[in-house]
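Asks: Fold the following for me, if possible:
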Amino acid sequence: MKDNTIIKNQIILAKENNQNAFLALKIVEIIGEDEPNELDPETIYFITNLLNKMNLKQIRNLVFESALPLRA
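Replies: Just a heads-up that it's a prediction; the model follows:
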């Protein structure tokens, strides 16, 4: 991820101002830069926590499925 701090600060400000479309675009930007299974644990936590707060649990579940390895 290029500048993680700037993107996260933008997301926090957008969340405070209820700009859900902007938040969704930033999440796509974060995930789109890397393969989902290559995201670091902090980024996965940040994204899923934000999706929980936005009540977008179906999208959160898709992030989990693609970011976390399959376990038997």
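
Asks: Spatially, and excluding backbone neighbours, which residue is closest to Ala67.
Replies: Pro36 (4.4 Å; Cβ to Cβ, 6 or more residues apart in numbering). All C-beta atoms are positioned from the backbone trio N, CA, C, and that covers glycine.

Asks: Count the residues that sit near that neighbour.
Replies: As a burial measure, the neighbour count of Pro36 was computed by other Cβ atoms under 10 Å and equals 17.

Asks: Just the pLDDT at it, thanks.
Replies: Note for Pro36: predicted pLDDT of 74.

Asks: Determine the set of other helices and strands touching the one helix or strand in the chain whose mean pLDDT sits lowest.
Replies: In the chain, no helix or strand scores lower on mean pLDDT, DSSP states H and E than helix 4-16, which sits at a mean of 71. Applying 3 or more Cβ pairs under 8 Å, 6 or more residues apart in numbering; DSSP states H and E, we find helix 4-16 packed against helix 20-33, helix 41-53.

Asks: quick one: Asn20 and Met54 touch, right?
Replies: Yes - under the criterion of Cβ atoms under 8 Å, Asn20 is in contact with Met54, at a separation of 6.2 Å.

Asks: ok, the two, which is more surrounded?
Replies: Met54 (16 against 13).

Asks: Next up, phi/psi of the more buried one, please.
Replies: Its backbone dihedrals place Met54 at phi -80, psi 0, with angles given as degrees, to the nearest 10.

Asks: Run a quick neighbour tally on the closest residue in space to Lys15 that isn't next to it in sequence.
Replies: Leaving aside its chain neighbours, Lys15 sits nearest to Leu23 (6.1 Å; criterion: Cβ to Cβ, 6+ apart). Leu23 is flanked by 22 other residues according to other Cβ under 10 Å.

Asks: Met54 is in contact with Leu23, correct?
Replies: Yes - the pair Leu23 / Met54 is scored as a contact, 6.5 Å apart, by Cβ under 8 Å.
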